[in-house]
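Novice: Any chance you can model this:
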Amino acid sequence: MGDASSNLRLNVRQLRSARQLSQAALAKIAGIPRPTLAHLESGSANPTLSVLMRLASALQVLIEELVAPPRAQVRHFSADQLPQRQRGMVAVRKLLPEHIRGLDIERMALPAGSDFVGIPHIRGSRAYLICERGALRLTIGGEEFDMVEGDVLVFRGDQRHSYENPGTVTAVGYSVVTLAPVPDELS
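Specialist: This next block holds a predicted model:
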């Protein structure tokens with residue numbers, strides 16, 4: 001973990017580059033002299049709070065993000081590092097290592113002949129089921145929907161539902177649930 005000056009130097013350069021701004025363009029947006037920005041990026045400046053506030057505003061970040069240790073540009077997660085659980089014979093794994101508010105994305109691997117009952121989500125949520133491999137059957141309110149590779153079903157996520165693999169090979173499906181209410185075209 002570097003000091004605040006070193007963090008500032010790296011973060012400003014990284015944020016400016018990510019926004020595809022030249023030093024002159026960022027200095028103009030922030031309302032600071034370009035040499036001041038150049039000194040910040042070289043680590044030779046000791047900026048005032050006013051300069052930090054202008055720079056943070058121009059980059060649309062909090063001041064804390066300017067002086068915090070830089071975020072890694074790339075993080076690699078192996079499949080076994082992602083949260084996974086068993087629902088009977090079915091393996092359910094989160095697709096993303098971080099929580100995204102209002103969104104849940106999971107990969108389901110259902111061996112031939114396996115099934116499990118889904119848990120209804122909050123009222124107003126919408127669910128998407130994508131069949132990636134094999135065959136899936138989704139049952140909602142007593143109605144069955146058969147899916148093959150590439151099919152997508154969209155349904156209200158607050159309903160009782162169950163998943164089944166009626167095929168002879170392992171089926172893989174992806175469940176995407178928007179937990180925040182969305183305009184309901186399905187009611």
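
Novice: what about R137, which helix or strand?
Specialist: Here R137 sits within strand 135-140, counting by DSSP states H and E.

Novice: Quick one: residues contacting the nearest residue to E164 once chain neighbours are set aside.
Specialist: Leaving aside its sequence neighbours, E164 sits nearest to D115 (C-beta to C-beta, 6 or more residues apart in numbering; 3.9 Å). No exception for glycine: its C-beta is placed from N, CA and C like everyone else's. Contacts for D115 (C-beta atoms under 8 Å, 6 or more residues apart in numbering) come out as 88, 90, 162-165.

Novice: per-residue pLDDT, D115?
Specialist: We have a pLDDT of 96 for D115.

Novice: next one: A56
Specialist: 94.

Novice: And for V182?
Specialist: Confidence score, pLDDT, at V182: 54.

Novice: got it, and P70?
Specialist: Looking at P70, its pLDDT reads 84.

Novice: where are the low-confidence patches of this protein?
Specialist: For the chain, the stretches flagged by pLDDT under 70 are 1-2, 180-187.

Novice: how about the strands in it?
Specialist: Remark: strands assigned in the chain by DSSP state E are 84-87, 90-94, 103-110, 115-118, 126-133, 135-140, 143-148, 152-156, 161-164, 171-178.

Novice: Tell me which residue is most central in this protein.
Specialist: I100 (5.0 Å; C-alpha atoms, centre = their mean).
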